[in-house]
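J.: build me a model:
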Amino acid sequence: MARKRKSANYGDESNQPPTKKVASTEPLPDGVHHYETLEEVPWDLQKYWHQGYSIFSKYDDGIWMTDDAWFGVTHESVAKYVAYLQLQSRSNKGSTIAKHVSEATNRSIIVDAFCGVGGNTIAFALSGKFKRVYAIEKDAATLACAKHNAEIYGVADKITWFHGDCFEILGAMEGRTEKTVDALKAIVGQFGLIFASPPWGGPSYRNAEVFDLESMEPYTFSHLYKSFQRVTSNVVLYLPRTSDLRQVANVVQEDKKVQVVHYCTNGTSRALCTYLGDWAPLKLNS
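T.: Residues are numbered from 1 along each chain as shown. This next block holds a predicted model:
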């Protein structure tokens, strides 16, 4: 008998009827999956698949994933603004990325530079704090997942999607390229901020007691920081929980302040965010 994952209660929203039920006959693009039983799942993804409802509470509504996305997608309980609202009504504990990003700055536009399958992008759109969410993804199959998943959460109309290299599209390289979207760069520079959850180089980062941020592949911390600073001074980088903060301090100018927050689920740190630029003090556990 095929084994299905047991649903867990991750808040009131997961108990509500689906906002949109995806037809089971809908064809999936190449490289895209929606695993329904353990037998379908590659062995190295099985522990992530068991966490499916924590990653996307609407997983059974037809969430699309690529195999690589399981390693890097931000858990909904960490990313999602709605989770913050639910936590406030219960125990007044817990902080989420979308809450901090939206409340600590007066910027009205946000760019998710590595949107992946949409975990953070959807959270920013659900927050209702931004006039527009711009999402960039280099891999076509992954971008297809993000667009599809945003439809399931009912926020696709709040997001503008770009397929390509975020550094080229944002004009974050030393020289302008033909792929630079000048209007987007101008808007983000004046009104926006950049959130980036870059590739960490695979799950091997877990083995490091202190993670070398200059070993991240294919983009090092210093490359990310210097590139995005060409577009806007307000940048949030989502990094491994064991990141070497001394490297952050060395890269950021001496007169600049950095706020660092660990984001946890079930008492365990999942990752940390560095808030770089002009941010109000973050309100933790409030």
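J.: in what helix or strand does Ala150 lie?
T.: According to DSSP states H and E, Ala150 maps onto helix 140-152.
J.: can you give me the buried ones in that helix?
T.: When burial is assessed from 16 or more other CB atoms under 10 Å, helix 140-152 yields the following buried residues: 141-152. C-beta: built from backbone N, CA, C; applies to glycine.
J.: in stretch 278-286, which residues are buried?
T.: Neighbour counts over stretch 278-286 (16+ other CB under 10 Å) mark 279, 282 as buried.
J.: distance from the chain centre to that stretch, please.
T.: With CA atoms, centre = their mean, to the nearest Å as the basis, stretch 278-286 stands 19 Å off its chain's centre.
J.: ok, now stretch 162-171?
T.: 17 Å.
J.: outside of that stretch, which residues touch it?
T.: Residues from elsewhere that reach stretch 162-171 (CB atoms under 8 Å, 6 or more residues apart in numbering): 111, 113-114, 134-138, 140, 143, 172-173, 177, 179-182, 184-185, 188, 194, 196, 227-228, 230-231.
J.: from these, which ones fall inside strands?
T.: Secondary structure assignment (DSSP state E) places 111, 134-137, 194, 196 from these within strands.
J.: circling back to that earlier point, so what does the helix holding Ala150 touch, helix or strand wise?
T.: Packing contacts for helix 140-152, counted by 3 or more CB pairs under 8 Å, 6 or more residues apart in numbering; DSSP states H and E, involve helix 119-127, strand 132-137, strand 159-163.
J.: just want the angle from the first one to strand 159-163.
T.: Pointing back at helix 119-127 there. 160 degrees (axes from the mean of the first three to the mean of the last three CA atoms, to 10 degrees).
J.: repeat for the second one
T.: Relative orientation of strand 132-137 and strand 159-163, computed by the same axes, to 10 degrees: 20 degrees.
J.: list the strands paired with strand 132-137, with their directions.
T.: Each strand paired with strand 132-137, and its direction, by DSSP bridges: strand 109-112 (parallel), strand 159-163 (parallel).
J.: quick one: it to helix 140-152, angle?
T.: Following the same axes, to 10 degrees, one obtains 150 degrees for the angle between strand 132-137 and helix 140-152.
J.: residues touching strand 132-137, excluding its own?
T.: 108-116, 118, 121, 124-125, 143, 146, 158-164, 166, 169-170, 184, 188, 192.
J.: let's see it at 7 Å
T.: Applying CB atoms under 7 Å, 6 or more residues apart in numbering, the external contacts of strand 132-137 come out as 109-113, 115-116, 121, 124-125, 143, 146, 158-164, 166, 169, 184.
J.: return the members of these classed as buried.
T.: Among the contacts of strand 132-137, those that count as buried by neighbour count (16+ other CB under 10 Å) are 109-113, 115-116, 121, 124-125, 143, 146, 158-159, 161-162, 166, 169, 184.
J.: where does the stretch 1-150 of the chain dip in pLDDT?
T.: 1-26, 51-54, 75-95 (pLDDT under 70).
J.: any idea where the helices of it begin and end?
T.: Using DSSP state H, counting those that start in this stretch, the helices found in the stretch 1-150 of the chain span residues 46-49, 52-55, 69-72, 76-79, 81-90, 97-103, 119-127, 140-152.
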